[in-house]
Each structure stands twice: as C-alpha cells, then as structure tokens.
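Trainee: Fold the stuff below for me.
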Amino acid sequence: MENKLLPEEARLELQQLLREAGREGSGLLAYLSDLEAKCKRLEDENRKFRDAAARRASSAASMNSRLKDALRE
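Mentor: Here you go, the predicted model:
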C-alpha cells in the first residue's frame with residue numbers, strides 16, 4: 001500500500017526542493033495553498049449535495065408510500 005503524505009509534509013518537502021533549486025519565490029507554495037482551499041471547499045459542497053440528495057430521496061419515498069396508502073383506501 002502506498003504511503004500518503006500529509007499536507008504539511010508535502011509542503012515541507014516542496015520548500016526544501018525549491019530551496020535547493022534556488023527558486024524559493026516561485027509562488028508555487030501559494031498556488032498549492034489555493035488548491036488545498038479549493039479542494040476543501042469542494043469536499044464540503046459535495047458532502048452538502050450528497051446529504052441533500054439523500055434527504056430528497058427518502059422524503060420522496062415516504063410521500064410515494066403515503067400516496068399508495070391513500071389510493072388503497
């Protein structure tokens with residue numbers, strides 16, 4: 001199984017590589033931070049939409065069964 005780097009570890013490793021290459025001011029770390037923020041925001045939105053879809057599906061199923069019960073009577 002592949003070991004995953006934590007974001008802090010990846011950032012430190014990238015800082016070290018940039019320092020060794022002499023390109024510390026390249027803006028790559030800022031770009032990485034922006035990507036992490038976007039990823040977190042998308043994860044939150046995805047969770048919100050999945051929860052809303054699950055609630056919508058369960059309420060539709062219950063209304064459907066209520067309609068079936070009413071039609072049976």
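Trainee: Which residues are in contact with residue 5?
Mentor: residue 13 (Cβ atoms under 8 Å, 6 or more residues apart in numbering). C-betas here are computed from N, CA, C, even on glycine.
Trainee: And it, how far from residue 45?
Mentor: With distances taken as Cβ to Cβ, to the nearest Å, residue 5 is found 25 Å from residue 45.
Trainee: repeat for residue 39
Mentor: Separation of residue 39 from residue 45 (Cβ to Cβ): 11 Å.
Trainee: now do residue 19
Mentor: With distances taken as Cβ to Cβ, residue 19 is found 35 Å from residue 45.
Trainee: just to confirm, which helix or strand has residue 31 in it?
Mentor: For residue 31, the element it lies in under DSSP states H and E is helix 28-72.
Trainee: Now do the same for that helix: mean pLDDT, whole number.
Mentor: The average pLDDT for helix 28-72 rounds to 84.
Trainee: Run the chain-centre distance for that helix.
Mentor: Here helix 28-72 is found 12 Å from its chain centre; the criterion is Cα atoms, centre = their mean, to the nearest Å.
Trainee: Over to stretch 11-27?
Mentor: Worked out by Cα atoms, centre = their mean, stretch 11-27 lies 27 Å from the chain centre.
Trainee: And the contacts of it?
Mentor: Under the contact criterion Cβ under 8 Å, 6+ apart, stretch 11-27 has outside partners 5, 28, 29, 32.
Trainee: ok, and the closest non-adjacent residue to residue 36?
Mentor: Spatial nearest neighbour of residue 36, excluding adjacent residues (Cβ to Cβ, 6 or more residues apart in numbering): residue 7 at 6.2 Å.
Trainee: what about that neighbour, how many neighbours?
Mentor: Using other Cβ atoms under 10 Å, residue 7 is surrounded by 12 other residues.
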